[in-house]
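>>> starting from these lines, generate the structure:
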Amino acid sequence: MDTHDTNSQEIFSKKLRAGRRTYFFDVKSTRADDYYLTITESKKHTNEDGSAYFKKHKIFLYKEDFLEFKDILEEVTKFIVDEKGTEVISDYEGKESSEELVVVSKTEEPETDSSFTNVEFEDI
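This is a model prediction of the structure:
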């Protein structure tokens, strides 16, 4: 059970490991005993001293939004595959020797505080 979300009960969970990212898909129960979905992205980062920490981002998805969310997700993923194919195009370009990689294309969210902020919503 997610210790940050103490007002809900976890019913079903799936995990997708994708390199330095892990995605958690958790079905939870509201106080009214209805279900909703949380999707959490957890990305591993390394401090200068070599120790690791994780940045987490979470979204809440309620049943009334499932169909439209699914339709839009399918539409945008189809657009991406149709436009760019399935081959991964790297955002990084290596520099000489063992220097750090330099970001060529900045499409990610700006860096934020490394602490996890969980937003609580009133149960519907």
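>>> CA only for contacts and neighbour counts going forward, please
Fine.
>>> quick one: low-confidence ranges for this protein?
Scanning the chain with the threshold set as pLDDT under 70 gives 1-9, 92-124.
>>> can you pull up the bridge partners for the closest residue to residue 14 other than its chain neighbours?
Leaving aside its sequence neighbours, residue 14 sits nearest to residue 25 (CA to CA, 6 or more residues apart in numbering; 5.2 Å). Beta-bridge pairing for residue 25 (DSSP bridges): residue 14, residue 39.
>>> tell me how far residue 25 lies from residue 11.
11 Å (CA to CA, to the nearest Å).
>>> which one's more surrounded, these two?
residue 25 (17 against 13; other CA atoms under 10 Å).
>>> tally of neighbours for the residue nearest to residue 54 when sequence neighbours are not counted?
Distances taken as CA to CA, 6+ apart place residue 44 nearest to residue 54, at 4.6 Å, with adjacent residues excluded. Counted with other CA under 10 Å, the neighbours of residue 44 add up to 13.
>>> surely residue 44 touches residue 19?
No. Taking contacts as CA atoms under 8 Å, residue 44 lies outside contact range of residue 19: 9.2 Å.
>>> could you dump the helix or strand residue 68 falls within to PDB, C-alpha only?
Using DSSP states H and E, residue 68 sits within helix 66-84. Output of helix 66-84 as PDB, limited to C-alpha atoms (Å, rounded to 0.1, in the frame of the first residue of the first chain):
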ATOM      1  CA  PHE A  66     -11.300   6.500 -18.600                       C
ATOM      2  CA  LEU A  67     -12.800   6.400 -22.100                       C
ATOM      3  CA  GLU A  68     -11.700   9.800 -23.200                       C
ATOM      4  CA  PHE A  69      -8.300   9.300 -21.700                       C
ATOM      5  CA  LYS A  70      -7.900   6.000 -23.500                       C
ATOM      6  CA  ASP A  71      -9.100   7.400 -26.800                       C
ATOM      7  CA  ILE A  72      -6.700  10.400 -26.600                       C
ATOM      8  CA  LEU A  73      -3.800   8.200 -25.500                       C
ATOM      9  CA  GLU A  74      -4.400   5.900 -28.500                       C
ATOM     10  CA  GLU A  75      -4.700   8.900 -30.800                       C
ATOM     11  CA  VAL A  76      -1.400  10.600 -29.700                       C
ATOM     12  CA  THR A  77       0.600   7.400 -29.600                       C
ATOM     13  CA  LYS A  78      -0.600   6.500 -33.100                       C
ATOM     14  CA  PHE A  79       0.400  10.000 -34.300                       C
ATOM     15  CA  ILE A  80       3.900   9.600 -32.800                       C
ATOM     16  CA  VAL A  81       4.400   6.100 -34.300                       C
ATOM     17  CA  ASP A  82       3.000   7.200 -37.700                       C
ATOM     18  CA  GLU A  83       5.200  10.300 -37.700                       C
ATOM     19  CA  LYS A  84       8.400   8.900 -36.200                       C
END
